[in-house]
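Novice: For reference, the sequence and a predicted model appear below.
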Amino acid sequence: MNNELQVLGFEGKDVRQVMIDDEPWFVGKDVAEVLGYAKAKDAVVKHVDNEDRKMGPQVGAPSITDSLGREQYPIFINESGIYSMIWDASKQSRNPQMKEQAKKFKRWLTTEVLPDIRKHGAYMTEEVLLSPETLIRVATDLKNERALTAKLQEDAKVALIMEGSKESMGVSAFAKVLNKEYGIKIGEKKLYQWFRDNGWVCTTKRGDNYNLPTSKSLDFGYMEVKETLYTYQIVSNNKVSRTTMITPKGHNYFAKKLKSEYVSPAVAIGNNVNKYRLERGYSMNELARRSGLYVNNIFNYENGRTTPRLETIFKLSDALDVSIEQLTGEAHG
């Protein structure tokens, strides 16, 4: 169905979509109108990066005839572009209706439209399902998929090949780093939920993409996918398991974002006092001597029990030979 325009319906509004090189592209104006942007055409240019939006001819999309019979080439946006528009719409604090619409549209897109497109090459609307050609293709794919699954269940796993960046880490390991190095009390499960809520990993539980990076994550370079290839003895088939990995760039970005949401000023300052004290090889007694503070106060600061006053921060800054910005939270930025 490449290059064939498909009209999807969301709450009575049309969202036109076309497959180009097996990737879905959507008419940007349709998406903007569904999300409630006041000036739809301007919104596409304002909220979507250049690489995520193209004029129809640039992506090989067909022309569209408007209500006056004129041939038009609208701006198409890819999946990353849609997420950008949804993200910005969800941040409209003065427009709760727009925020709610963005939430509903994102759920429809990620739980219905994109999974169908990735599995069948098109969104399974009633019109598409009534096509004999589509029904035959879907039935054949399902039969082949079930046959392969049955064979794989009988196979013996004999080989394991792992691919992925050595500098990247899994979500579980990243959660531990956040806890240990940044004082962010968050586990793997809660961290995945935060990623889903903010559009960094896929939310649909159907198919194979649940909790895998979205196009937005991959485009920004914040996440990547590690593939584990399993080879089976009995049949000449391989099965690939995919795992979400946090890149060094994503490590820095997500740590900064999460710290602003989860870490109190007391904990942030305490973590930095402890970090720089240990880097300099000072005991608490030595830091107390250098700063003119009591040891029990140093202990309370490092454990996030008390937020030091401004004059105390100046003393600690001088004693540790670091800037005020480093001590009050910018050390990991």
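Specialist: Here it is on my side, so go on.

Novice: hey, where'd the strands end up in the stretch 101-250 of the chain?
Specialist: For the stretch 101-250 of the chain, applying DSSP state E, counting those that start in this stretch gives strands covering 157-163, 169-170, 223-232, 238-246.

Novice: Can you tell me the closest non-neighbouring residue to the residue positioned nearest the centre of the chain?
Specialist: With distances taken as C-alpha atoms, centre = their mean, W200 lies nearest the centre of the chain, 0.8 Å away. Nearest residue to W200 in three dimensions, chain neighbours excluded: S217, at 4.8 Å (C-beta to C-beta, 6 or more residues apart in numbering). No exception for glycine: its C-beta is placed from N, CA and C like everyone else's.

Novice: Verify the contact between that neighbour and N198 for me.
Specialist: No: contact criterion C-beta atoms under 8 Å: S217 and N198 do not qualify, at 9.9 Å.

Novice: which residues does the residue nearest to the centre of the chain contact?
Specialist: When contacts are counted by C-beta atoms under 8 Å, 6 or more residues apart in numbering, W200 touches P213, T214, K216, S217, Y222, M223.

Novice: Quick check: which ranges of this structure have low pLDDT?
Specialist: For the chain, applying pLDDT under 70 flags the ranges 1-3, 58-62, 66-67, 92-93, 118-166, 229-240, 263, 329-333.

Novice: can you list the domains in it?
Specialist: Per automatic domain parsing, the domain ranges recorded for the chain read 6-120, 124-154, 163-260, 264-330.

Novice: so what's Q101 up against?
Specialist: Neighbouring residues of Q101 by C-beta under 8 Å, 6+ apart: V34, L35, G36, A89.

Novice: Reformat these as TSV; add secondary structure, distance to T244 and neighbour count.
Specialist: Formatted as TSV, the contacts of Q101 follow (DSSP: H, G, I helix; E, B strand; the rest coil; distance: C-beta to C-beta, whole Å; neighbours: other C-beta atoms under 10 Å):
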residue	secondary structure	distance to T244	neighbour count
V34	helix	29	25
L35	helix	27	23
G36	coil	31	18
A89	helix	25	25
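
Novice: And the furthest pair within these?
Specialist: V34 and A89 (9.6 Å; C-beta to C-beta).

Novice: What is the burial count for V267?
Specialist: Residues within reach of V267, counting by other C-beta atoms under 10 Å, total 21.

Novice: so it touches T306, yeah?
Specialist: No: using C-beta under 8 Å, V267 is not in contact with T306; the gap is 10.8 Å.

Novice: Tell me which of the contacts of W200 fall in helices.
Specialist: Per DSSP state H, helices hold the following members of these: K216, S217.

Novice: residues near the closest residue in space to S80 that isn't next to it in sequence, how many?
Specialist: Distances taken as C-beta to C-beta, 6+ apart place S215 nearest to S80, at 4.2 Å, with adjacent residues excluded. Counted with other C-beta under 10 Å, residues neighbouring S215 total 18.

Novice: how about S215, what does it touch?
Specialist: Applying C-beta under 8 Å, 6+ apart to S215 gives the contacts N78, E79, S80, Y83.

Novice: Can you tell me the element the last one falls in?
Specialist: The one in question is Y83. Secondary structure assignment for Y83, by DSSP states H and E: helix 79-90.

Novice: What are the contacting residues of that helix?
Specialist: The contact list for helix 79-90, computed with C-beta under 8 Å, 6+ apart, reads 23-24, 26, 28, 31-32, 35-37, 43-44, 47-49, 52-53, 77, 98-99, 101-103, 105-106, 109, 114, 198-199, 214-216, 219.

Novice: List the buried residues of that helix.
Specialist: Buried residues in helix 79-90, counted by 16 or more other C-beta atoms under 10 Å: E79, S80, G81, I82, Y83, S84, M85, I86, D88, A89, S90.

Novice: Could you do stretch 105-117 as well?
Specialist: In stretch 105-117, residues buried by neighbour count (16+ other C-beta under 10 Å) are F105, K106, W108, L109, T110, E112, V113, L114, P115, D116, I117.

Novice: out of these, who's nearest L316?
Specialist: Nearest to L316, judged by C-beta to C-beta, of those is K106 at 44.3 Å.

Novice: returning to that earlier point: okay, the contacts of S215 in CSV with distance to N179 next?
Specialist: Below are those laid out as CSV (distance: C-beta to C-beta, whole Å):
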residue, distance to N179
N78, 36
E79, 32
S80, 31
Y83, 28
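
Novice: Chain neighbours aside, what residue packs nearest to P213?
Specialist: M223 (3.9 Å).
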